[in-house]
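Peer 1: Sequence first, predicted model second:
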Amino acid sequence: MKEQELATHDGGRLALYSYGTEDAPGERRIVVIGGAFLTALIYRPFSIALANGLGDGWAVDVYDRRGRGSSTEQPPGYSMETEIADVRTVLDATGARNILGHSLGGSVALNAVTEFAGSAYVPDKLAVYDAAINIEGSIDTHWLDGFEAAVNDGKVGLALTHMKRALNPSSPLARVPEPIMVGLMALVSRTKVNKALREVMPSAVGELRAAYNAAEDERDFRRLPATTHFMAGGKSPSYYRLTAEKLHGSVPGSTYQISPKGFHGSIPAAVKELVVDISTYFKG
């Protein structure tokens, strides 16, 4: 693994981690844009597995978005434009010609590549898995106010309750009465993984609002390249699949793939089926 620190356009810095062949050319490099709450460290098993699946001569670059890991906090006036500028910074540093976005990172990827239309930054291939795009208000954002208030008050269990119920409303856990669920989430927040989750909660408020508050139309993404590959997990919440289908239908030449056994966390979990699907797509 190679670790770098990149200077951003606004005086911040991004932590970048690279796996696979260090001097891989741009056409054999994939930039991974992670989801909400998740650090580059959490994507390490997937990045290693993907680099191995791609084989010699390929590299996988994953970075900590603002407010994550060793990257600097979200700047004043943070927005989706900040994320797009950071994608450009990473592409400049790595020379990568391919992008993979997961969950909210999929939103960043799609918005960035739409913004890049007609420029040299348009990737050779773009793939997103369970992209968190709010198409025509398909994602309920009313929970964000309660989530933000709980985060500001330091009520981790309550914040996690709001998040779990909103992001996976059909799960059995979402039907547990709120007082009981708050207690469960408070206990869960003490685990190693959830301690990391708790640390990124303040910046998660900003990024979730940046991604969800604009109820976008799938037609907004018609400028995406024909080499865009929309993916969704068969076991993920249904709105990810519905969103992928709508976006695929609006982008001429794009492709769409369901991973039957895939769930929303399949990428950071490095589920073999999904690693194979993604490496196959990028290798063409």
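Peer 2: Everything's here; your move.

Peer 1: Please name the residues that touch Arg68.
Peer 2: Counting by Cβ atoms under 8 Å, 6 or more residues apart in numbering, Arg68 makes contact with 34, 38-40, 200, 203. Every residue, glycine included, has its C-beta placed from N, CA and C.

Peer 1: From Ala40, how far off is the closest residue to Ala15 other than its chain neighbours?
Peer 2: Distance criterion Cβ to Cβ, 6 or more residues apart in numbering; nearest residue to Ala15, sequence neighbours excluded, is Ser70 at 3.7 Å. Here the criterion is Cβ to Cβ, to the nearest Å. By it, Ser70 lies 8 Å from Ala40.

Peer 1: that older thread, just name the closest of the contacts of Arg68 to Gly12, please.
Peer 2: Nearest to Gly12 among the contacts of Arg68: Ser203, at 12.3 Å, using Cβ to Cβ.

Peer 1: So the closest one: helix, strand or coil?
Peer 2: Recorded secondary structure, Ser203: helix (DSSP: H, G, I helix; E, B strand; the rest coil).

Peer 1: and what of Met231?
Peer 2: Secondary structure, three-state DSSP: Met231 is strand.

Peer 1: okay, now it: neighbour count?
Peer 2: Residue crowding around Met231 was assessed by other Cβ atoms under 10 Å; the count is 29.

Peer 1: again, but for His142
Peer 2: As a burial measure, the neighbour count of His142 was computed by other Cβ under 10 Å and equals 9.

Peer 1: so what pLDDT did it get?
Peer 2: Here the pLDDT value assigned to His142 is 77.

Peer 1: ok, the closest residue to Thr255 other than its chain neighbours - contacts?
Peer 2: Nearest residue to Thr255 in three dimensions, chain neighbours excluded: His229, at 4.9 Å (Cβ to Cβ, 6+ apart). Neighbouring residues of His229 by Cβ under 8 Å, 6+ apart: 125-128, 254-257, 281.

Peer 1: which one of those is nearest Leu104?
Peer 2: Nearest to Leu104 among the contacts of His229, counting by Cβ to Cβ, is Val128 at 10.5 Å.

Peer 1: Return the distance of the closest residue to Thr227 other than its chain neighbours relative to Leu242.
Peer 2: Of all residues beyond its chain neighbours, the one nearest Thr227 is Lys125 (4.9 Å), with distances taken as Cβ to Cβ, 6+ apart. Between Lys125 and Leu242 the distance is 24 Å, computed by Cβ to Cβ.

Peer 1: Comparing the two, which residue is more hemmed in?
Peer 2: For the pair Lys125 and Leu242, the greater number of neighbours falls to Lys125 (18 against 13), based on other Cβ under 10 Å.

Peer 1: And that one, what's its pLDDT?
Peer 2: Predicted confidence (pLDDT) for Lys125: 98.

Peer 1: now do Thr89
Peer 2: Confidence per residue is given as pLDDT, and for Thr89 that number is 98.

Peer 1: which residues does it contact?
Peer 2: Residues in contact with Thr89, defined by Cβ under 8 Å, 6+ apart, are 6-9, 14.

Peer 1: likewise Asn152?
Peer 2: With contacts defined as Cβ under 8 Å, 6+ apart, Asn152 has no neighbours.

Peer 1: at 10 Å instead, please
Peer 2: Counting by Cβ atoms under 10 Å, 6 or more residues apart in numbering, Asn152 touches 159, 201-202, 205.

Peer 1: repeat for Thr228
Peer 2: With contact taken as Cβ under 10 Å, 6+ apart, Thr228 is in contact with 99, 109-110, 113, 123, 125-128, 221, 247-248, 251-256.

Peer 1: How about Val122?
Peer 2: 97, 99, 112-116, 223-225, 227.

Peer 1: Report pLDDT for it.
Peer 2: The score at Val122 is 98. That number is its pLDDT.
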